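**Student:** Any chance you can model this:
(chains A and B)
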2 protein chains.
Amino acid sequence: MQNDAQAVQILTQYWNDDVALQELHDGFVENTISNFYLPYGIAPNFLIDDTVYAVPMVIEESSVVAASAKAAKFWMDLGGFKTKVFGTEKKGHIHFTYDGEVQELLGFFRNLRKDLFEKLEPVQENMKQRGGGVTDINLIDRTGKIPNYYQFEFDFETVDSMGANFINTILETAADFIKDKANDNLRGELEIIMSILSNYNPGCVVRAQVSCPVDQLQTDTLSGKAYAEKFIKAIQIAENEVYRAVTHNKGIMNGVDAVVLATGNDFRAVEASVHAYASKNGSYQSLSHAKVESETFTFWLDLPLALGTVGGLTGIHPLVKFSLQLLQNPSAQQLMRIVASVGLAQNFAAINSLITHGIQKGHMKMHLNNMLTLLQVTDEERRIAEAYFADKTVSFSALKKLLHRN
Amino acid sequence: MQNDAQAVQILTQYWNDDVALQELHDGFVENTISNFYLPYGIAPNFLIDDTVYAVPMVIEESSVVAASAKAAKFWMDLGGFKTKVFGTEKKGHIHFTYDGEVQELLGFFRNLRKDLFEKLEPVQENMKQRGGGVTDINLIDRTGKIPNYYQFEFDFETVDSMGANFINTILETAADFIKDKANDNLRGELEIIMSILSNYNPGCVVRAQVSCPVDQLQTDTLSGKAYAEKFIKAIQIAENEVYRAVTHNKGIMNGVDAVVLATGNDFRAVEASVHAYASKNGSYQSLSHAKVESETFTFWLDLPLALGTVGGLTGIHPLVKFSLQLLQNPSAQQLMRIVASVGLAQNFAAINSLITHGIQKGHMKMHLNNMLTLLQVTDEERRIAEAYFADKTVSFSALKKLLHRN
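**Tutor:** Below is the predicted model of the structure:
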């Protein structure tokens, strides 16, 4: 470890001069000692359901914002992105064991149902005013998988909030109530194992789609038809090969997470839901699909996205508030549509590069920039290196040779 | 949208006063207009393979750093985390179609192999000096899945770099060479679809593990044996139920991603690999497992982690450099061990809360703090609210009522 003075200097150089602003950020989580900077950028020209957006993106990986912006511009001229929300249902579970008769448990739950909803009334008062709340509760028998294991499965509508705190509070309140009632009314032993929301959201899915006449896809070297065929072949590979599917979907998530972060949402929750959804058919597959029908190319993506535009950091992180204003203060459903469109744009940009000139050409330009920064070059050396590598493969060893560094 | 002056003020308040430092950060990606702050915290007391670490974590979600630190302290007193690296192999593929005879293709590849390695020599010169490079190349026949579809599968050792740029440069160089040779030597048509690394890394896996005598797990309300049984039941549910597995693994990734971000690695790549790995048996399952044998409780986690401690942002982002120094300048393998241990600690903390007092009690304290910040309360109001909610369920509506806000 370097000496303490150096460490203090590195950490404090990132503190904000505005003491109140710094205190605000320090309060978000515990044990904060500095601010970690991630680049905040904007990808303009997203035409989504006939509205134009400039989309805020937070990402440390080069080329992602530029790729999104380029794909957005391409599709803007062809009618833009069209989206559809298939549902907004979220789920949570009380996981428990019961060692008595299943019939007795079913009767207990039937009798309990009305009282349980009454018990939850005060906790969901605010959410109900906003049009959400608990929409259903079911008893699920999983004793075929694990001895004595059942679930109370709760369905939720959480409107414009992601809903994690609401859902967990409801579940823990319900679990305490059920446990009490079980002690008084059941002959067997009911043990609550845990009560927790699920981040898996196959009932909260949005589709983003683009389409155009095949001949609009023509490039310098490929006819529209040849381009579409190669594009669809690339998708087909990602639908069939896990080694490709993972990287294919990772590219989608480059765009998705950048907007999720910029809008103060939880990217771990989104990542977990999305990748589990990619494996729902028994093997891990591409989240996007493409086809040509009647000379029309269509490319689409389905994502399970539980997002919030109220609650959490959305109201308190100044740049998150700025992001939401930039996106015209979207509802959670509108944010789902925007995020999925950016994911599809990112995927289009990646496949486009891969099936034409490859990804390294564009990527290495940014990589060269990072290597030049690392070597702390002069402006003159930067010009020399950029000219030299304009038509050559960039490598750190070649760069060091060129600039006579060890 | 608010007016331009306000927007400029919000964006510029996050600019660093040190112009050179701000320019450095602006250079990481394109189109940057500000710095997005994520809290940078430290979780101390991680005893991993007999070395003590203070682990840097970048995360916006409350409770994660505190939970990691608490779990680390608990296991420190019981011998700490033990880890094992099962491999460090990475893969990349040239995906292509060939419409001729497979036998001819096999012969072509046999003849090509030596020249191909020679062609790649200058590109991998630097990597070879560091002990890495291309370790194998195989022709894989996938025509059973997709007509005429094959892969050249490349295996790589990338030592302390994550290796994405290296792998993609090798693959694109190889693809150009193969295409040229195919034109001269094959009767059928060989079409390169794309050349790209895989983010799926089942050959690059680390295990983190903790263990202790069962009676050490005793709590105020549960014997060690009862605690272990309930803990194992919670894991068993995550092994069998996708709705639980997703949230279970999401909790692991809270810890994993926080360290991945702090050390300048790519969390989208890690997320994609890890979640695909969770579905490798045909259904999406828990990444961690637990058992009791001979009165000893053992809890472990396997993660496919492709990480770098050189290259990318590691050498140029000042806080990333600080993180790596704090971790005693680890090799990529050492960083794999640390990240997996933090993931396991996070999972332990989550399951511990879930099977004992629930997660909302601790979580709502931080949530209350955020709501108080949102309402811009006075210090006096803060004291009133904290006292009031010490033994009650926190909700925004109850808070507003208490403080007479609308």
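**Student:** So stretch A:227-239, near chain B or not?
**Tutor:** Yes. Figure legend: stretch A:227-239 in contact with chain B (CB under 8 Å from any CB of the partner chain); contacting residues A:230, A:233-234, A:236-237. Bear in mind the C-beta positions are built from the backbone N, C-alpha and C, glycine included.
**Student:** Next: stretch A:140-152.
**Tutor:** Yes. Part of stretch A:140-152 sits close enough to chain B to count as contact by CB under 8 Å from any CB, namely A:142, A:145-146, A:149, A:151.
**Student:** Any chance of a markdown table for these, columns secondary structure and pLDDT?
**Tutor:** Output for the residues of stretch A:140-152 next to chain B, formatted as a markdown table (DSSP: H, G, I helix; E, B strand; the rest coil; pLDDT from 0 to 100):
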| residue | secondary structure | pLDDT |
| --- | --- | --- |
| A:Arg142 | coil | 97 |
| A:Lys145 | coil | 95 |
| A:Ile146 | coil | 97 |
| A:Tyr149 | strand | 98 |
| A:Gln151 | strand | 98 |
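**Student:** now, which of those sits nearest chain B?
**Tutor:** For these, the minimum distance to chain B (CB to the nearest CB) is 4.9 Å, reached by A:Lys145.
**Student:** who are the neighbours in contact with that closest one?
**Tutor:** Contacts of A:Lys145 were listed using CB atoms under 8 Å, 6 or more residues apart in numbering or on different chains, and they are B:240-241.
**Student:** Contacts for stretch A:201-211 next, please.
**Tutor:** Contacting residues not belonging to stretch A:201-211 are listed as A:48, A:75, A:78-91, A:155, A:273, A:277, A:280, A:296-306, A:333, A:336-337, A:339-341, A:343-344, A:348 [CB under 8 Å, 6+ apart].
**Student:** Keep only those of those that are in helices.
**Tutor:** Per DSSP state H, helices hold the following members of those: A:75, A:273, A:277, A:333, A:336-337, A:339-341, A:343-344, A:348.
**Student:** for these, which one is nearest chain B?
**Tutor:** Checking these against chain B with CB to the nearest CB, the nearest one is A:Ser273 at 6.2 Å.
**Student:** That closest one against A:Leu287, yeah?
**Tutor:** No. Checked against CB atoms under 8 Å, the pair A:Ser273 and A:Leu287 is beyond contact range at 11.3 Å.
**Student:** what separates A:Phe109 from A:Ala164, distance-wise?
**Tutor:** 25 Å (CB to CB, to the nearest Å).
**Student:** ok, back up a step: now render the residues of stretch A:227-239 next to chain B as CSV, adding distance to A:Leu368 and pLDDT.
**Tutor:** Below are the residues of stretch A:227-239 next to chain B laid out as CSV (distance: CB to CB, whole Å; pLDDT from 0 to 100):
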residue, distance to A:Leu368, pLDDT
A:Lys230, 28, 97
A:Lys233, 31, 98
A:Ala234, 27, 98
A:Gln236, 34, 98
A:Ile237, 30, 98
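**Student:** I'd like the residues you listed as CSV, with secondary structure and neighbour count appended.
**Tutor:** Compiled in CSV, the residues of stretch A:227-239 next to chain B are given as follows (DSSP: H, G, I helix; E, B strand; the rest coil; neighbours: other CB atoms under 10 Å in any protein chain shown):
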residue, secondary structure, neighbour count
A:Lys230, helix, 21
A:Lys233, helix, 21
A:Ala234, helix, 23
A:Gln236, helix, 19
A:Ile237, helix, 24
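**Student:** rewinding a little: among the residues of stretch A:140-152 next to chain B, name the buried ones.
**Tutor:** A:142, A:146, A:149, A:151 (16 or more other CB atoms under 10 Å in any protein chain shown).
**Student:** Kindly indicate which of these lies nearest B:Arg130.
**Tutor:** A:Ile146 (48.2 Å; CB to CB).
**Student:** The buried ones among the residues of stretch A:140-152 next to chain B: which two are farthest apart?
**Tutor:** The largest separation in those, counting by CB to CB, is between A:Ile146 and A:Gln151 at 10.6 Å.
**Student:** Give me the neighbour count for A:Leu139.
**Tutor:** The local packing of A:Leu139 (other CB atoms under 10 Å in any protein chain shown) involves 18 other residues.
**Student:** again, but for A:Arg113
**Tutor:** Counted with other CB under 10 Å, residues neighbouring A:Arg113 total 12.
**Student:** All set, thanks.
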